[in-house]
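Student: here's a sequence, model it:
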Amino acid sequence: MNWREFRQAGHWPTLLCAFLYFDVSFMVWVVLGPLSLYLTHDLGLTVEDKFHVVAIPILFGAAFRISLGMLADHVGPKRAGQFGQLAVILGLAYAWLFGLHSKFEVEMLGMILGVAGASFAVALPQASRWYPPKFQGVVMGIAGAGNMGVVLDSLLVPWFAENFGWQAVFGVLLIPLVAVFLLYTRFAKDAPDKRAPVTLANYSSVLRDQDTWWFMFFYFITFGGFVGLGSALPLYFTTWYHASGIAAGLMVALVVFAGSMARPLGGWLADRVGGIRTLQLLFVVVLSAYVIMAFLPQGPAPAVMSAAKVAGWDFAQLPGAAWSAMVVFFVGAMALGMGNGSVFQLVPLRFRHEIGVMTGLVGASGGIGGFFLAKTLGLSKGLTGGFTVGFLVFAGLATLGLVGLALVKTRWRTTWGAVSGARV
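Tutor: Predicted structure coming up:
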């Protein structure tokens, strides 16, 4: 790919702003994952309650994506993005100033954080509409790489919670949120090609197309797996491997970093060899990783706990079982991240004129997938005492993803793929 041509093809300040908007939004969207280790300690929640709490923002992120996407089509992506950012800023400001004192209040904050998760429906089409079809894989990969905000969560939230208390984390998060809001307001622009506002009838029309459901299912697997793991792994590592809060944060940061950085690579590879072929390879890797995850042995508890508020093994003292598990999760997250980029290499090619609708629908399905994974892992631990069943459920979904690709690949390549001008 010619990078000079790429820079001249669209509007890079908007692409950068979309990346930053998605990055900070994703960071606050899943903040209850690493923070749950601390707030559940104070609120006395059960293991199942913990997984439930971290799943709430994911569920409402999925629910709000369609409505925020429709708002973007009516008032423009920029105004919709500003609205979404302000809603989250106000919600976090309230939590910081007045505190959270019950499970119900945490759930209410989780609902507001869902608006941050809905940023997907604004940031990606806002960037996509500036660029021609041949650059869609890279553009969607770059904008979507904002999900690396989970890395910052995992690294910084446990440290701030240990040293300043978990309530202070909400105030710290306001700093990057406000900074990005100001940059976004100043530099982001809507693409000049004006489009008619999307109505419920548009969604109904697209949902009658079977390709819509295939894309939603594929993203349910890839993005659902990525965001579900990003939210649930802090609890998994502290529960299954007895890691301290800070050690679990570092482990999750390494895993999520792999998935975040791999997303543009997935879009680039899909541009080179085709999205279908790329997804087939990645689903095999994801399937294998989930099966291995299902049967990972539990790690030993330390004889002497650390002095941390969430006590356990310090990072340098983690047992071999924890390091082996981290390698498996690292590979799995990388494949899931590449899968995210690959799916969105295909979506704009198939639904170029319905990209806003499709981004909302496909993104919502990914969020539901994340909620499903986190809840499934929590139920698996609560009912069976382990995580085997939860991971095997998603291994089964990856298998169905391979079957689905086998069913659609010939039709896709000989119909819309043949006239798209890009590799499918």
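
Student: and for the closest residue to residue 26 other than its chain neighbours, the neighbour number?
Tutor: If the residues on either side of it in the chain are set aside, residue 26 comes closest to residue 149, at 3.9 Å by CB to CB, 6 or more residues apart in numbering. Where you see a C-beta, it was placed from the backbone N, CA and C, and this is true even at glycine. When neighbours are counted by other CB atoms under 10 Å, residue 149 registers 25.

Student: can you pull the contacts of residue 149?
Tutor: Counting by CB atoms under 8 Å, 6 or more residues apart in numbering, residue 149 makes contact with 22, 23, 24, 25, 26, 27, 28, 29, 30.

Student: check residue 299 too.
Tutor: The contact partners of residue 299, by CB under 8 Å, 6+ apart, come to 240, 241, 242, 313, 318, 319, 321, 322, 325.

Student: one more: residue 218?
Tutor: Contact analysis of residue 218 by CB under 8 Å, 6+ apart lists 279, 339, 343, 401, 404, 405.

Student: most neighbours among those residues, please name it.
Tutor: Within the contacts of residue 218, neighbour counts (other CB under 10 Å) peak at residue 339, which reaches 32 neighbours.

Student: quick check: the gap between it and residue 282.
Tutor: With distances defined as CB to CB, to the nearest Å, the gap from residue 339 to residue 282 amounts to 5 Å.

Student: shared neighbours, these two?
Tutor: Taking CB under 8 Å, 6+ apart as the contact definition, residue 339 and residue 282 share the neighbouring residues 222, 266.

Student: where's residue 411 relative to residue 359, distance?
Tutor: Going from residue 411 to residue 359 by CB to CB gives 23 Å.

Student: these two: which has the busier surroundings?
Tutor: Set residue 411 next to residue 359 and count neighbours by other CB under 10 Å: residue 359 wins out with 27 against 12.

Student: quick check: next helix or strand after the one helix or strand residue 407 maps to?
Tutor: Here residue 407, judged by DSSP states H and E, is contained in helix 388-414. Proceeding C-terminally, helix 388-414 gives way to helix 416-419 as the next helix or strand, assigned by DSSP H and E.

Student: buried residues in that following helix, which are they?
Tutor: 416, 417 (16 or more other CB atoms under 10 Å).

Student: for residue 397, which non-adjacent residue is spatially closest?
Tutor: residue 221 (5.4 Å).

Student: what's around residue 424, how many residues?
Tutor: Using other CB under 10 Å, the number of residues around residue 424 comes to 20.

Student: numbering from 51 from now on, please.
Tutor: In the new numbering, first residue 51, that becomes residue 474.

Student: is it in contact with residue 398, as I believe?
Tutor: No: if you go by CB atoms under 8 Å, residue 474 and residue 398 don't touch, sitting 11.6 Å apart.

Student: roughly how far is stretch 369-387 from the heart of the chain?
Tutor: If you compare the mean C-alpha spot of stretch 369-387 with that of the full chain, they lie 17 Å apart, counting by CA atoms, centre = their mean, to the nearest Å.

Student: buried stuff in that stretch?
Tutor: By 16+ other CB under 10 Å, the buried positions in stretch 369-387 come out as 369, 372, 375-376, 378-387.

Student: point out where this structure drops to low pLDDT.
Tutor: By pLDDT under 70, the low-scoring segments of the chain are 51-53, 57, 196-197, 245, 354-360.

Student: for it, which residue is closest to the average position?
Tutor: If you average the C-alpha coordinates of the chain and look for the closest C-alpha using CA atoms, centre = their mean, you land on residue 277, 3.9 Å from that point.

Student: how about it, nearest residue that isn't a chain neighbour?
Tutor: The spatial neighbour of residue 277 that comes closest, neighbours along the chain excluded (CB to CB, 6+ apart), is residue 420 at 3.6 Å.

Student: hey, where'd the strands end up in the stretch 301-450 of the chain?
Tutor: According to DSSP state E, counting those that start in this stretch, the stretch 301-450 of the chain carries no segments that qualify as strands.

Student: quick one, helices of it?
Tutor: Listed in chain order, the helices of the stretch 301-450 of the chain (DSSP state H, counting those that start in this stretch) span residues 325-344, 370-400, 405-434, 438-464.

Student: pull up the gap between residue 443 and residue 457, please.
Tutor: 21 Å.

Student: who has more neighbours, these two?
Tutor: Neighbour tally, residue 443 and residue 457, criterion other CB under 10 Å: the higher count belongs to residue 443, 17 against 11.

Student: wait, doesn't residue 136 sit right on residue 230?
Tutor: No: because the distance of 11.9 Å does not satisfy CB under 8 Å, residue 136 is recorded as not touching residue 230.

Student: higher neighbour count, these two?
Tutor: For the pair residue 136 and residue 230, the greater number of neighbours falls to residue 230 (20 against 14), based on other CB under 10 Å.
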